[in-house]
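>>> Sequence and predicted structure, then a few things I'm wondering about:
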Amino acid sequence: MNITRHKGLVICELPPEGGLLGGELTGPDLIGEAYDADPDIIVVPVIRLAPGFLDLGTRIAGEVFQKMEQYGRRLVIQGDIATEVAASKALHDFVYETNRRGHHLFVPDHAGLIARLG
């Protein structure tokens with residue numbers, strides 16, 4: 001786990017290896033995994049998303065984002081999801097609205113995250 005700070009925010013970046021978010025790893029599990037760092041933002045690489053996470057019909061993504069909000073944490077999904085976004089208008093709209101609000105984010109890489117945080 002990589003812990004960094006940016007403009008007073010503690011950012012916890014999970015490694016590519018580990019449980020899959022939306023599978024064996026739930027929102028509260030994710031917060032528990034990063035608990036010692038007391039992060040403001042938890043970054044999860046796309047490779048750690050459970051199958052179906054980006055299929056909005058499963059409701060997995062919505063449930064995870066909602067839990068993160070309830071616990072006062074920001075969730076960032078980091079990696080290339082262009083193919084999935086292009087294949088689903090619902091996912092396209094979800095990613096667009098999520099990024100527009102700016103609390104939770106979908107970013108292509110670490111540089112994209114830092115750019116979004118300003």
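Cool, the structure landed.

>>> What helices and strands are in contact with the helix or strand bottoming out on mean pLDDT in the chain?
The helix or strand of the chain with the poorest confidence is helix 27-33; it has a mean of 88 (mean pLDDT, DSSP states H and E). If you count contacts as 3 or more CB pairs under 8 Å, 6 or more residues apart in numbering; DSSP states H and E, helix 27-33 packs onto strand 41-45, helix 60-70. For every residue, glycine as well, the C-beta is placed using N, CA and C.

>>> who touches it?
1, 14, 18-19, 21, 25, 42, 44, 63-68, 71, 73, 75 (CB atoms under 8 Å, 6 or more residues apart in numbering).

>>> buried stuff in that helix?
For helix 27-33, a neighbour-count test (16 or more other CB atoms under 10 Å) marks 27, 30, 31, 33 as buried.

>>> got it, and stretch 1-20?
For stretch 1-20, the buried set under the neighbour-count rule, 16+ other CB under 10 Å, comprises 4, 11, 12, 13, 14, 18.

>>> I would like the residues contacting that stretch, please.
So stretch 1-20 is in contact with 25, 29-30, 33-34, 37-45, 47-51, 53, 78, 110, 113-114, 117-118, going by CB under 8 Å, 6+ apart.

>>> Repeat the analysis, applying 6 Å as the threshold.
Stretch 1-20 has contacts (CB atoms under 6 Å, 6 or more residues apart in numbering) with 25, 34, 37, 39-45, 47-48, 50, 117.

>>> got it, and stretch 53-66?
With CB under 6 Å, 6+ apart, stretch 53-66 has contacts from 22, 27, 52, 84, 90, 91, 94, 104.
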